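[1] No sequence on hand, only this structure:
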């Protein structure tokens, strides 16, 4: 069965950096687009970043563009999110999600997420 | 990239039907038939229940149905069951490899 397990969250000061990982199993990781989605406390879901199965291009929400970098290592079945210049408003649970066969259609499996807290 | 608009909460009794709406713009819901819906129970990962506006993944009961008219998508849950009590979020493709979610609707089964 499909499993997505995030790690790397924690408490960081504003302006700091953090790298999240998402270990995937139960499907051919190299064949699917992947996303990061976050949910701030008491708020709705927010799409953060997308990487196609090839990893050839990357796409970001305006709120994180220029600060976050999504990447993948298909040999390790792992997705990453490098987060720099973190802000208080980046505090959220960050989840990785697997794209559907047609990437535009949405996300069919999600991890439980890892909590990132940005606070001084 | 403004969030889609969902009502904050909706409620219904077991056996009844409820509809959750999701309003976007001509740049997202109004332009693409890539609306998806997610069910999330507390402490659990979101679960895909509708994609491509009205398609159900394998294993999702046919009590869940989706539709779209113009810039508004809707999720209807018929024959409400207590286990349907959860948060429901819509999502739309917004072009240029970006997506936008709604703020989420809390469904209470009375």
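    Sure thing, it's come through. Just so it is clear, the model here is predicted, and its values are computed rather than measured. Residues are numbered from 1 along each chain as shown, chains lettered A, B, ... in the order given.
[2] When you work out contacts or count neighbours from here on, use the C-alpha atoms and nothing else.
    Noted.
[3] State the distance from residue A:36 to residue B:69.
    Here the criterion is C-alpha to C-alpha, to the nearest Å. By it, residue A:36 lies 29 Å from residue B:69.
[4] hmm, I was thinking of residue A:95
    For residue A:95, the distance to residue B:69 - C-alpha to C-alpha - is 30 Å.
[5] more crowded one of the two?
    residue A:95 (28 against 10; other C-alpha atoms under 10 Å in any protein chain shown).
[6] How far does the helix or strand containing the more buried one sit from its chain's centre?
    In this assignment (DSSP states H and E), residue A:95 forms part of strand A:92-99. Distance of strand A:92-99 from its chain centroid, counting by C-alpha atoms, centre = their mean, to the nearest Å, is 5 Å.
[7] now do stretch A:113-120
    That offset, for stretch A:113-120, works out to 13 Å (C-alpha atoms, centre = their mean).
[8] How about it, which residues are buried there?
    Buried positions in stretch A:113-120, judged by neighbour count with 16 or more other C-alpha atoms under 10 Å in any protein chain shown: A:113, A:114, A:115, A:116, A:117, A:118, A:119.
[9] filter those down to the ones near chain B?
    residue A:113 (C-alpha under 8 Å from any C-alpha of the partner chain).
[10] Output the set of residues of chain B in proximity to chain A.
    Residues of chain B lying near chain A (C-alpha under 8 Å from any C-alpha): B:1, B:34-36, B:43-48, B:51-52, B:89, B:91-93, B:97-104.
[11] same thing but at 10 Å, please
    B:1, B:3, B:32-38, B:43-53, B:57, B:87-105 (C-alpha under 10 Å from any C-alpha of the partner chain).
[12] out of those, which are buried?
    Among the residues of chain B next to chain A, the ones that count as buried by 16+ other C-alpha under 10 Å are B:3, B:32-38, B:45-53, B:87-94, B:97-105.
[13] Could you tell me which residues make contact with the closest residue to residue B:94 other than its chain neighbours?
    Distance criterion C-alpha to C-alpha, 6 or more residues apart in numbering or on different chains; nearest residue to residue B:94, sequence neighbours excluded, is residue B:28 at 4.3 Å. Contacts were defined as C-alpha atoms under 10 Å, 6 or more residues apart in numbering or on different chains; by that measure residue B:28 touches B:1-2, B:4, B:34-35, B:71, B:91-95, B:98-100.
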